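> just coords:
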């Protein structure tokens, strides 16, 4: 960890910089942060599984602090969370939250979530307090930044109560923001996180409005800070052989509804039996084998499919650069603003996506087709067939996609502005 009199940014992450999968989009943001601050310290919380680990090179003024990391491969995850729960139950913060939100906390899932948030928060608070006591952090020159609006954000809030001079902020994405994703619809310690930070940065205007509606008295502290992707330097070509090529890119988990996409593509194949469709899904996950089997049993003969498993970002972009793609599809039931859609649009690929979270901010009639939040397979199929009917008609969409990316999701532009905003908080 760097010390001295310069401005110091401490970034709390889940696994970055050690995971090749989780938070890999921080690769684009970190150079801007390291340019804006004299020292940057990354504080990850979890070691990724061995197959996902990556030893990243970091800018010279960026260091990593691993003292609060938990390795699920070496220690029972159950034991780890039991320890979090016990530390939470010993904290007065827990009982204050129970008085405020006892109904959702009487639900087992709500109780587990509250205990998990608080246990993580106590780890973060204690880490910050120790580093200040050791002279490694100067509260007047340090900004605490949590990449997720979760227990780590609560942790910096608790640290601030003991160190009133320290500044703290958080991004807010999707899973860490929208209570309705969960049963019960409960986000622990939400008011403390929303109203005790110097600033909360939702990644979409939808997220800012959502948070403002829930906490109107604190709305002045919520500011949109969009994510972004790099310029690929090319536009993906259209198919020229009569095959209509579809790509999707996501983890294969329930919220992404890959089964719904399979049913939609199957319906498209039946609606246009004389056309060949080719679908490639980029990304892996717990449901990959199940979804591969489901696709094999469900898709008609004129809809071929391939699951690539996890691909590094460079390999994803290689696919877009070397293979024709006619449409990108995302039918997720909840989103912030998907980085995968930013990447597709940067390559000029039209998008079909569900109108959830911040997705309507990046997908419109100009750049593709916006589906209802819960589309029927027939609605997905009709959107696919509409774009497949005349590739020449999508040329305007392809230009609009690229223009939308340049205007709103250019990583260098967005992350430079964000880093400057963080730097200004220490002035």
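Sure, I can see it. On a predicted model such as this, the values are computed, not experimentally measured, just so you know.
> how distant is stretch 28-36 from the center of its chain?
Relative to its chain's centre, stretch 28-36 lies at 18 Å (CA atoms, centre = their mean, to the nearest Å).
> may I see the buried residues of it?
Of the residues in stretch 28-36, 28, 29, 30, 31, 32, 33, 34, 36 count as buried by neighbour count, 16 or more other CB atoms under 10 Å. C-betas here are computed from N, CA, C, even on glycine.
> hmm, who's touching the helix or strand bottoming out on mean pLDDT in the chain?
Every helix and strand in the chain was compared by mean pLDDT, DSSP states H and E; the lowest is helix 77-89, with a mean of 75. For helix 77-89, the surrounding residues in contact (CB atoms under 8 Å, 6 or more residues apart in numbering) are 70, 72, 94, 112, 114, 115, 116, 118, 119, 120, 122, 123.
> nearest to residue 145 among those?
Residue 145 has its nearest neighbour among the contacts of helix 77-89 in residue 120, at 15.8 Å by CB to CB.
> nearest spatial neighbour of that closest one, skipping sequence neighbours?
Nearest residue to residue 120 in three dimensions, chain neighbours excluded: residue 151, at 3.2 Å (CB to CB, 6 or more residues apart in numbering).
> any idea how far that neighbour is from residue 40?
The gap separating residue 151 from residue 40 is 21 Å, by CB to CB, to the nearest Å.
> rewinding a little: surely the residue nearest to residue 120 and residue 125 touch.
No - the pair residue 151 / residue 125 is not scored as a contact, 10.4 Å apart, by CB atoms under 8 Å.
> the more surrounded of those two?
Neighbours per residue, other CB atoms under 10 Å: of residue 151 and residue 125, the larger number sits with residue 151, 28 against 22.
> wait, what's in contact with that one?
Listed by CB under 8 Å, 6+ apart, the contact set of residue 151 reads 116, 117, 118, 119, 120, 121, 124, 188.
> and if you look at residue 125?
Residue 125 makes contacts with 155, 156, 158, 159, 162, as judged by CB under 8 Å, 6+ apart.
> can you tell me the closest non-neighbouring residue to the last one?
The spatially closest residue to residue 162, leaving aside those adjacent along the chain, is residue 129, at 6.0 Å (CB to CB, 6+ apart).
> that neighbour: neighbour count?
Residues within reach of residue 129, counting by other CB under 10 Å, total 15.
> within the helices and strands, which one has it?
Per DSSP states H and E, residue 129 falls inside helix 108-133.
> residues of that helix that come out buried?
Buried residues in helix 108-133, counting neighbours by 16+ other CB under 10 Å, are found at 110-111, 113-125, 127-128, 131-132.
> sorry, back to before: mind checking pLDDT for the residue nearest to residue 120?
If you check residue 151, the pLDDT there is 96.
> residue 393 too?
69.
> in contact with the residue nearest the centre of the chain, which residues are there?
What sits nearest the mean C-alpha location of the chain, by CA atoms, centre = their mean, is residue 173, with 5.7 Å. The neighbours of residue 173, taking CB under 8 Å, 6+ apart as the test, are 148, 149, 202, 203, 207, 336.
> again with residue 343
So residue 343 contacts 229, 232, 249, 316, 317, 320 (CB under 8 Å, 6+ apart).
> repeat for residue 313
Shown in contact with residue 313 (CB under 8 Å, 6+ apart): 24, 27.
> try residue 420
residue 36.
> quick check: which element contains it?
Using DSSP H and E, residue 420 maps to helix 411-424.
> redo the contacts of helix 77-89 as JSON lines? Include pLDDT and distance to residue 8.
Listed next are the contacts of helix 77-89 as JSON lines, based on pLDDT from 0 to 100; distance: CB to CB, whole Å:
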{"residue": "70", "pLDDT": "80", "distance to residue 8": "25"}
{"residue": "72", "pLDDT": "56", "distance to residue 8": "30"}
{"residue": "94", "pLDDT": "92", "distance to residue 8": "31"}
{"residue": "112", "pLDDT": "91", "distance to residue 8": "34"}
{"residue": "114", "pLDDT": "94", "distance to residue 8": "31"}
{"residue": "115", "pLDDT": "91", "distance to residue 8": "31"}
{"residue": "116", "pLDDT": "89", "distance to residue 8": "28"}
{"residue": "118", "pLDDT": "93", "distance to residue 8": "26"}
{"residue": "119", "pLDDT": "91", "distance to residue 8": "26"}
{"residue": "120", "pLDDT": "92", "distance to residue 8": "22"}
{"residue": "122", "pLDDT": "93", "distance to residue 8": "22"}
{"residue": "123", "pLDDT": "92", "distance to residue 8": "20"}
